[in-house]
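A.B. asks: Got a sequence here, can you model it:
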Amino acid sequence: MKACIMCGGEGTRLRPLTFARPKPSIPILNRPSVVHLIEHLSKEGFNDIVITLGYMAEKIEEELGDGRIFGVHIDYVYEKEKLGTAGGVKNAEQYIGKEPFIVLGGDHVLNLNLREMYRFHEMTDALVTIGLLSIDDPREFGIADMDVNNRIHRFLEKPGSGEIFSNLASTGIYVCDPEIFDLIPDNTKYDFAKDLFPEMLRRNMKINGLLARGKWTDVGNAAAYRQAQRWMLEALPGTTIVGHFSTKDARITGPLQLGHNVSVGFNSAIVGPTVIGENTAIGDNVLIGPYTAIGCNCVINNECRILSSYIFNGVSIGKNCNVSGSVIDNDTRVNENCCLENGTVLGPAVIVGKDTTVHSNIRIWPEIEIEAGTNVKEDMINESYL
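C.D. replies: This is a model prediction of the structure:
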């Protein structure tokens, strides 16, 4: 079975995390998000994959290669200019062939039964089947009005107040017949949700929906990213220690995934589910977890509390810091006695001076140095990245 993964977006809503990498490369459990997606597709039987690339395309190709390590074959198609979701897929038509195929976003994190969706589509005469989920607030998604026979009669992208006729939200996962390429113009920006689906409904062409079961999110913002990490941590099967591990009378409760050469100091406590990458050192009297992922080559100094946070590679946290529900990008240094409140996002190579408090949901862009004793109440933008 064939799959097309769209990886062309710039991930502007996830800044500052997408300055150093494309959105599908943001780490989840210390591995690029798109790797988890490829592994799920392989498990579901989709072993022929084409990836459409745009922003920082070379990083994704470097991470995935030809796909053989995941049990799949991957082809890459580069977009010279932005073609939209449907236009980007049409640009890959030569690799897709003449059989039905599934379309997903490169930022999708999910455990849905994609094989079931593909088989359902094969048994119907619809050109497109859309995976749908019932959610509380569908305003950031496309919504569908579907009858008992799975046929979609209305579709509206990002409805406003008074327009929410359904809470069935599109997951952005579509199973398509190759005949849809005849409906998509060449070399033109054209989207599935904004252009193709409304045009098909105007022509009374059949679109089906399928109620998906399981977990799904697109990592479109920091809150969704934290939720995706949490889901993946909840799925940890047990405790795994790779290579050398040293501790001095620490208290450790799984499930955990510990990389090579992790050290944990005296009287520290790690509560799973937690992932810690290789060559990371945890000091004395440190509390970590649950729902925390720490990358490689990090240093967490004495007396820290790290709770439900996601720390990338090469990060240093000074003595007696409190980090709660935060995301910290590569090579950032947080000095002693700092507090990072829930929803804080620090970009790469940030320096946070001692005795600093960063308030909830604040974003700090790359390479910013925050003076000691600062109360950060507003986003801090590095104009050199504009």
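
A.B. asks: Now do I368 against E383, distance only.
C.D. replies: Look at I368 and E383: by C-beta to C-beta, to the nearest Å, they are 10 Å apart. Just so you know, the C-beta spots here come from the backbone N, C-alpha and C atoms, and that holds for glycine as well.

A.B. asks: tell me the SS of E62?
C.D. replies: State at E62, reduced to three classes by DSSP: H, G, I helix; E, B strand; the rest coil: helix.

A.B. asks: hmm, back to that, neighbour count winner among I368 and E383?
C.D. replies: It is I368, of I368 and E383, that has more neighbours when counted by other C-beta atoms under 10 Å, with 19 against 6.

A.B. asks: OK, contacts around that one?
C.D. replies: I368 makes contact with 347, 350-351, 380, 382, according to C-beta atoms under 8 Å, 6 or more residues apart in numbering.

A.B. asks: any chance of the residues you listed in TSV, plus secondary structure?
C.D. replies: Below are the contacts of I368 laid out as TSV (three-state DSSP):
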residue	secondary structure
G347	coil
V350	coil
I351	strand
M380	strand
N382	coil
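
A.B. asks: give me every residue that touches the closest residue to R230 other than its chain neighbours.
C.D. replies: Once flanking residues are discounted, R230 sits nearest to Y291: 5.3 Å by C-beta to C-beta, 6 or more residues apart in numbering. Contacts for Y291 (C-beta under 8 Å, 6+ apart) come out as 229-230, 233, 273-274, 307-308.

A.B. asks: Tell me the confidence at Y291?
C.D. replies: pLDDT recorded at Y291 is 96.

A.B. asks: For E81, state which of the contacts of Y291 is nearest.
C.D. replies: Among these, Q229 lies closest to E81 (C-beta to C-beta), at 33.0 Å.

A.B. asks: would the closest one count as being in a helix?
C.D. replies: Yes - under three-state DSSP, Q229 sits within a helix.

A.B. asks: ok, now how distant is it from K189?
C.D. replies: As for Q229, its distance to K189 is 32 Å (criterion: C-beta to C-beta).

A.B. asks: Switch the contacts of Y291 over to a markdown table; also include neighbour count, distance to V103 and secondary structure.
C.D. replies: Below are these laid out as a markdown table (neighbours: other C-beta atoms under 10 Å; distance: C-beta to C-beta, whole Å; DSSP: H, G, I helix; E, B strand; the rest coil):
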| residue | neighbour count | distance to V103 | secondary structure |
| --- | --- | --- | --- |
| Q229 | 25 | 25 | helix |
| R230 | 16 | 26 | helix |
| L233 | 23 | 28 | helix |
| P273 | 22 | 31 | coil |
| T274 | 25 | 34 | strand |
| L307 | 17 | 37 | strand |
| S308 | 19 | 33 | coil |
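
A.B. asks: got the contact list for the residue nearest to Y225 when sequence neighbours are not counted?
C.D. replies: Among residues not flanking Y225 along the chain, V219 sits closest, at 4.8 Å (C-beta to C-beta, 6+ apart). V219 makes contact with 14, 23, 26, 33, 107-109, 225, 228, according to C-beta under 8 Å, 6+ apart.

A.B. asks: Work out which residue lies at the spatial centre of this protein.
C.D. replies: Closest to where the C-alpha atoms of the chain average out (C-alpha atoms, centre = their mean) is V219, at 3.8 Å.

A.B. asks: Can you report phi and psi for it?
C.D. replies: The phi/psi pair for V219 (degrees, to the nearest 10) reads phi -80, psi 70.

A.B. asks: got it, and M6?
C.D. replies: phi -90, psi 120.

A.B. asks: so of the contacts of V219, which ones are in helices?
C.D. replies: 33, 225, 228 (DSSP state H).

A.B. asks: Just the closest of those residues to D147, please.
C.D. replies: D147 lies nearest to A228 out of the ones in helices among the contacts of V219, by C-beta to C-beta, at 31.8 Å.

A.B. asks: Confirm for me that the closest one is in contact with L29.
C.D. replies: No - the criterion here is C-beta atoms under 8 Å, and A228 misses it with L29 at 9.8 Å.

A.B. asks: Just want to know which of those two has more residues nearby.
C.D. replies: With neighbours defined as other C-beta under 10 Å, A228 and L29 compare such that A228 has more, 25 against 19.

A.B. asks: Any figure for the gap between the more buried one and T217?
C.D. replies: 5 Å.

A.B. asks: overlap in contacts of those two?
C.D. replies: V109.

A.B. asks: Helices along this structure, start to end?
C.D. replies: 33-43, 57-64, 84-90, 93-96, 114-122, 197-202, 222-234.

A.B. asks: Could you list the low-pLDDT ranges of this protein?
C.D. replies: Nowhere does the chain drop to pLDDT under 70.

A.B. asks: at 80 what do you get?
C.D. replies: Where the chain drops to pLDDT under 80, the residues are 161.

A.B. asks: Would you map out the domains in it?
C.D. replies: With domains defined by automatic domain parsing, the chain comprises 2-230, 240-385.

A.B. asks: re earlier: hey, which of the helices of the chain is tucked in deepest?
C.D. replies: Highest mean neighbour count of the helices of the chain: helix 84-90, a mean of 25 (counted as mean count of other C-beta atoms under 10 Å).

A.B. asks: Show me what that helix is in contact with.
C.D. replies: 4, 6, 8, 52, 54, 77, 79, 83, 96, 103, 172, 176, 180-181, 184-196.

A.B. asks: Look up how far V50 lies from V34.
C.D. replies: 13 Å.

A.B. asks: Return every residue with contacts to both of the two.
C.D. replies: What both V34 and V50 touch, as defined by C-beta under 8 Å, 6+ apart, is the set I5.

A.B. asks: so how far is F192 from M146?
C.D. replies: According to C-beta to C-beta, M146 and F192 sit 16 Å apart.

A.B. asks: the more surrounded of those two?
C.D. replies: More neighbours surround F192 than the other of M146 and F192, with 27 against 21 (other C-beta under 10 Å).
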